[in-house]
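1. I would like the atomic coordinates for the input below:
(chains A and B)
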Amino acid sequence: MSTESRIELLQGTLDLLILQTLRLGPAHGHTIMQAIKRRSEDVLQVEQGSLYPALHRLIKRGWIDFEHGTSDNNRRAKYYRLTPKGRKQLTIETSKWEKLARAMARVLRPI
Amino acid sequence: MRRRARESLDDLDDEIRDHILRETEENIARGMAPDEAYAAASRAFGNATLTREAARTVWIPMWWDHLLQDTCYGPRLYVRAPGFTIVAVLTLALGIGLNTAVFSVVNAVLVRPLAYPNPERLVWIAPLDDRGEDDVVMSADFEAWRDQATVLDRFAGFLSASEPIDVGDEVVQARVAAVTDGFWDLTGASFAFGGPPRPGKDGIVLPHFFFEHWFHADASIVGRHVMLNGRQNVITEGTAGQLGRSSSWWRDRAPVHGNHCSQ
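-> Okay, the predicted model is just below:
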């Protein structure tokens, strides 16, 4: 996929994407990033450096938690998972985002 | 929260390294040479130090780090360049001191209300002399103002001068203010004991400091006659313990004598 067709994430949307990704189950940082990339069909480009600060922010808010485990190739890894509070937040954020997207679409509709 | 911060930050380095390794492996699987794969993965990750910093500031406020750094830097600089430190400290001290002094004056003169009842209703009236400074009001003028003014409720006048007063063992020179009848009421003076001279009568009111210093706080002096400026006067009533809120002007200076402007 060419660089031009990639879209940089809007401010604040990374949190929502992380929460949604973790709904499928615990994952480590690299997997989260890959999942976002894959599920957006390579359109969304997660700044790798901003992924970890975002994870820390979510831990601090109590929306996600982490535990240590061993990964597929026997390496120690940190697995992040959604907390009940995070699940609730995800519902709120998702409906907020849908509202925004619908509104944007209505405004941008050809006149 | 601090434990949580430590736990979260502790293995961030490992996590970043792991992340880059995984990316490298994927790059190799896509057919890159190992070196190239690692370089590309590192490039894709971006500045790891910045990431660490950003994650840290989620838990620890930036100002706290800066405060710690500055606290360490201060003594180090003092050891290395004491002259500079001393000059800097003196400059700060002078600046702060000067500011405090200026503010104290502004506060006392402009901000704080006068230490009298209804300060917003007090006005100062005086004729000006040739140099534009306050001049003495003539008794006749004062009486005319007092009797005829309609815009002002009450009038009080005083005239202060340095006069000899016989305190018993010796005669001391003191600043004495002669005041008019309305003075005590207008200034809201409070009396430790006794009270002001009755209207129309002469008498001496002593400020607290003068009473303590020269009459040894002896309350029996009330009613005693003393010589003030060569004339017999009775210490009518006690001392003005506190004149309004700040009585320093009176405390430091004078017995107050009087009842009339014309003495």
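
2. can you show me the strands along the stretch 101-250 of chain B?
-> Counting by DSSP state E, counting those that start in this stretch, the stretch 101-250 of chain B has these strands, from start to end: B:158-166, B:171-179, B:189-190, B:203-207, B:225-228, B:231-234, B:239-240, B:242-243.

3. meant to ask about chain A, not that
-> Taking DSSP state E as the criterion, chain A carries its strands at A:7-8, A:44-45, A:64-70, A:76-82.

4. scan chain A for its longest helix.
-> Longest helix in chain A, counting residues (DSSP state H): helix A:84-108.

5. that one and chain B in contact?
-> No - under the criterion of Cβ under 8 Å from any Cβ of the partner chain, helix A:84-108 makes no contact with chain B; the nearest approach is 14.3 Å. Where you see a C-beta, it was placed from the backbone N, CA and C, and this is true even at glycine.

6. tell me how far that helix lies from the chain's centre.
-> Helix A:84-108 has its C-alpha centroid displaced from the chain centroid by 14 Å (Cα atoms, centre = their mean, to the nearest Å).

7. also stretch B:164-183?
-> 32 Å.

8. distance between the ends of that stretch?
-> Using Cα to Cα, to the nearest Å, the gap from the first to the last residue of stretch B:164-183 comes to 23 Å.

9. tell me the buried residues in that stretch?
-> Neighbour counts using 16 or more other Cβ atoms under 10 Å in any protein chain shown place B:165, B:166, B:167, B:174, B:175, B:176, B:177, B:178, B:179, B:180, B:181, B:183 of stretch B:164-183 among the buried residues.

10. with distance to chain A and pLDDT as extra columns, can I get these in TSV?
-> Written out in TSV, the entries for those read as follows (distance: Cβ to the nearest Cβ, whole Å; pLDDT from 0 to 100):
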residue	distance to chain A	pLDDT
B:165	76	83
B:166	81	82
B:167	76	80
B:174	72	83
B:175	69	83
B:176	73	81
B:177	69	82
B:178	75	81
B:179	70	82
B:180	73	82
B:181	74	78
B:183	68	83
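
11. what's the single longest helix in chain B?
-> Ranked by residue count under DSSP H, the longest helix found in chain B is helix B:82-106.

12. list the contacts of it.
-> Outside of helix B:82-106, the residues within contact range by Cβ atoms under 8 Å, 6 or more residues apart in numbering or on different chains are B:74, B:77, B:78.

13. wondering if whichever strand or helix holds residue B:76 reaches chain A at all.
-> Using DSSP states H and E, residue B:76 maps to helix B:62-80. No - with Cβ under 8 Å from any Cβ as the criterion, chain A is not reached by helix B:62-80; the gap is at least 13.0 Å.

14. same question, stretch B:14-21
-> Yes - legend: contact between stretch B:14-21 and chain A by Cβ under 8 Å from any Cβ is shown at B:14, B:15, B:16, B:18, B:19.

15. low pLDDT regions in chain B?
-> Applying pLDDT under 70 to chain B picks out residues B:1, B:232, B:234-263.

16. mind checking the end-to-end distance for stretch B:148-162?
-> Between the start and the finish of stretch B:148-162 there is a gap of 32 Å, counting by Cα to Cα.

17. what's in contact with it?
-> Applying Cβ under 8 Å, 6+ apart, the contact partners of stretch B:148-162 are B:121, B:123, B:136-137, B:142, B:145-146, B:173-183, B:185-187, B:253-254, B:258, B:261, B:263.

18. can we see that at 6 Å?
-> Stretch B:148-162 is contacted from outside by B:142, B:146, B:173, B:175, B:177, B:178, B:179, B:180, B:182, B:183, B:186, B:261, using Cβ atoms under 6 Å, 6 or more residues apart in numbering or on different chains.

19. in the residues you listed, find the pair that's most separated.
-> Maximum pairwise distance in the contacts of stretch B:148-162, criterion Cβ to Cβ, is 31.1 Å, between B:146 and B:173.
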